[in-house]
Every structure is written in structure tokens, then in C-alpha cells.
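[1] sequence and predicted model, in that order:
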Amino acid sequence: MFHQLQPREQGGRTALERFDCQIKSGVIACLEILNEDEVQKVYCEFHDDVVVQRMLDSQITYDFIQVKTQENIRDLWSLNKLFGINTQQGGSLTAKKLQDSYIGKLLQHVTRFGNECHSVIFQTNIVADKKVVELIECFEKGEIQYKWAQLLVNTYNEAFAESGEEYSEEEIIEHFNKLDFQEDVSYLKLGSSTYFMEANSRIYEFSEIELRPVEAKEIIIKLEDLVFRKSKRPLTSFSFDEIEDKTSIGIDDLLNVLAISRDAYLALKMVVMRRQFVMLLSFKEHWKLLAFHKKQ
């Protein structure tokens, strides 16, 4: 009987698989820290699923990432699912519906954090329907004649503006243009994906460390464990030190996973930089030689 009767539901299994996708997104985001360029840290399950801290023009900014996957890949993201827009009978949208929608929750980061919010990102394994694509394109072009864009603009202040203040039409368009809708993300595919290949590729891209597949997989699994641990520990005091300790991942955390000291890593990067510099000089000399022969 135990192996013959089907269970009442499998919600727990699908929930775990979706959380696994969130962990994958965190791992991929963390690997860019190795570049030691823009990305400074990654925060797990703090303000959103994954938050990337960047240094842009000497200013700290944040990318807020929300990861949402669907089991049925034919169940496209619609205006109703993403924005709370009821497209039936001419269309309608309330401030509450917009606030509670997936995109609405992301837009709240824009209004709360202002210039500190670099972007809000919706990551998913499936695609959006035609109306969603058209809507996003309208905001990118700064054109809001499209009726669904107009409906969002007309509802925006009631949903997000503080009492006594209003966002202008230009500001609202600017807020929507901070939205990065990342659909059909290959490493978030349920069942099989390009995740390990993508992660291994990023390790090499951002650190120049070339690993055999078995070595890369071992490191990625360790990094998954790190992201998981940084995602599950509850916060109590919400102090700066507690937030950093329990939710953030930085370069030292990654080097610990890679089992390499910071001095060794800096030495490795110096060797890579020298090699790239020599290659650049060789490239320039090559073109100088070609130019000389052309003149002859």
C-alpha cells in the first residue's frame, strides 16, 4: 500500500525545488565577487531573495533579485500575475493589487531606497506573454500611451507615494526602467539546467582559476551550503554586525570556499593581469607591424 497509493499533495517537494533555484541564483551572483570590480557583497534573504551590493562611481548601490519559478513552462507570466492588472472588461487595477503583486513588491525597493537602488530584478525559468513584453518595451522607450502602461502610471502614486508627495510621470517611468525582467533563465530550469556549467564558467571568467569538472562541482556544492546557511538564520537585533554576519557573503567567504588565502589570490590575479598586459602589448605590436608592411 505504501508504494501504491499516491500522496495527497507534493507541495513540500515543489517548495524545496523552488528554494533550490533561489540558492542557485545566489551562487551565480556570488561568483562575480571574485572579479573584485563592481560587486562587493551578496545578501541572502534580506530585503529580498538575493541582494547584490555594487560600487558604482564611488557610491554603494543594490540590485534586488526576486526568484520565481513555475513548474508548468506553458503557464506564461501575465499582466495579472506580475502587476495585478485585471485585463478583463477593459482592464482595471487597484493600488492594493499593485502593491501586493510580484513587480509591485520589487518597485517598493525603488521607492524606499531611492538612488541606492540600482535595479530590481525578476528572475524566472519561463517566459512572459506578449502583453507583458509590450508593456516593458513601452517604459524602456519612455512611451506610456499603451493602455496598460497608462493604467500603471495612474495607479502608481496611490500605491507607493508617501502622504503629501507625488511622483511625476517622468519619475514613474524612471522607476519602471529599473526593472530588469530576466525570463527563461537557463540555470533556473526545473529538472535539468545549465547551472553547473554556468557556475564553472563564471569561476573561470571572474578569477581565471581553471578547474576540472569534479573540482568545480565540489566548490559549487560548498558555495550552495554557504548561501543556504546565510539564508536561513533568523535575525533578532537587526544590527549592522548581525546583518553582515548572518546574511552577507564577501570575497573572504568565497576564498575560504576556494581554499585559497587572500595573499595567494591577489598573487594569482597579479600573474593574470601581467599575462593580459603582455598579450595586449603583443597585440599592439602585431598591428604596428601590419601597418608598417602596408605602408611599404
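    Thanks, I have it. Numbers count the residues shown, from 1 in each chain.

[2] which stretches of this protein form helices?
    11-31, 79-83, 95-100, 102-113, 130-141, 147-160, 169-176, 195-207, 213-232, 240-247, 251-258, 262-295 (DSSP state H).

[3] where does the stretch 101-250 of the chain have low pLDDT?
    192 (pLDDT under 70).

[4] hmm, back to that, tell me which of the helices of the chain sits most buried.
    helix 79-83 (a mean of 21; mean count of other Cβ atoms under 10 Å). No exception for glycine: its C-beta is placed from N, CA and C like everyone else's.

[5] enumerate residues external to it that contact any of its residues.
    Residues outside helix 79-83 that contact it (Cβ atoms under 8 Å, 6 or more residues apart in numbering): 85-87, 93, 98, 101-104, 122, 128-129, 131-132, 135, 148, 152.

[6] just stretch 213-224 next, same as before
    23-24, 27, 30-31, 196, 199-200, 203, 211, 254, 257-258.

[7] biggest separation within those residues, which pair?
    Greatest spacing in the contacts of stretch 213-224, by Cβ to Cβ: I23 and L211 (20.0 Å).

[8] first vs last residue of stretch 59-75, how far apart are they?
    This stretch, stretch 59-75, spans 40 Å end to end (Cα to Cα, to the nearest Å).

[9] what's the answer for stretch 69-76, then?
    From its first residue to its last, stretch 69-76 covers 11 Å (Cα to Cα).

[10] could you list the buried residues of stretch 176-196?
    For stretch 176-196, the neighbour count (16 or more other Cβ atoms under 10 Å) marks 176, 178-179, 181, 183, 185, 187-190, 193, 195 as buried.

[11] in JSON lines: the helices of the chain, plus distance to Q66.
    Shown next, in JSON lines, are the helices of the chain (distance: least, Cβ to Cβ, whole Å):
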{"stretch": "helix 11-31", "distance to Q66": "9"}
{"stretch": "helix 79-83", "distance to Q66": "11"}
{"stretch": "helix 95-100", "distance to Q66": "13"}
{"stretch": "helix 102-113", "distance to Q66": "6"}
{"stretch": "helix 130-141", "distance to Q66": "15"}
{"stretch": "helix 147-160", "distance to Q66": "17"}
{"stretch": "helix 169-176", "distance to Q66": "15"}
{"stretch": "helix 195-207", "distance to Q66": "18"}
{"stretch": "helix 213-232", "distance to Q66": "14"}
{"stretch": "helix 240-247", "distance to Q66": "16"}
{"stretch": "helix 251-258", "distance to Q66": "23"}
{"stretch": "helix 262-295", "distance to Q66": "32"}
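
[12] these: which one's closest to Y62?
    Checking the helices of the chain against Y62 by Cβ to Cβ gives helix 102-113 as the closest, at 6.7 Å.

[13] the closest one - contacts with which helices or strands?
    strand 59-67, helix 79-83, helix 95-100, strand 117-123, helix 147-160, helix 169-176, strand 179-182 (3 or more Cβ pairs under 8 Å, 6 or more residues apart in numbering; DSSP states H and E).

[14] residues contacting the spatially most central residue of the chain?
    Among the residues of the chain, the one closest to the centroid is I65, at 4.3 Å (Cα atoms, centre = their mean). Neighbour list for I65: 25, 29, 48-52, 121, 123 [criterion: Cβ under 8 Å, 6+ apart].

[15] check F122 too.
    Taking Cβ under 8 Å, 6+ apart, one finds 66, 68, 82, 102-103, 106, 179-182 in contact with F122.

[16] which one of these is nearest E140?
    Of the contacts of F122, the one sitting nearest to E140 (Cβ to Cβ) turns out to be L179, at 9.6 Å.

[17] beta-bridge partners for that closest one, please?
    Judged by DSSP bridges, the bridge partners of L179 are V120.

[18] any figure for the gap between it and W77?
    Remark: distance between L179 and W77 (Cβ to Cβ, to the nearest Å) = 13 Å.

[19] what's near enough to touch the nearest residue to K41 once chain neighbours are set aside?
    Sequence neighbours aside, Q53 is the residue nearest to K41 in space, at 4.4 Å (criterion: Cβ to Cβ, 6 or more residues apart in numbering). When contacts are counted by Cβ under 8 Å, 6+ apart, Q53 touches 39-43, 60-62.

[20] can you check K230 too?
    Here K230 is in contact with 26, 43-45, 246-249 (Cβ under 8 Å, 6+ apart).

[21] now tabulate these in a markdown table and tack on distance to Y156.
    Formatted as a markdown table, the contacts of K230 follow (distance: Cβ to Cβ, whole Å):
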| residue | distance to Y156 |
| --- | --- |
| G26 | 30 |
| Y43 | 27 |
| C44 | 30 |
| E45 | 28 |
| K246 | 34 |
| T247 | 30 |
| S248 | 32 |
| I249 | 34 |
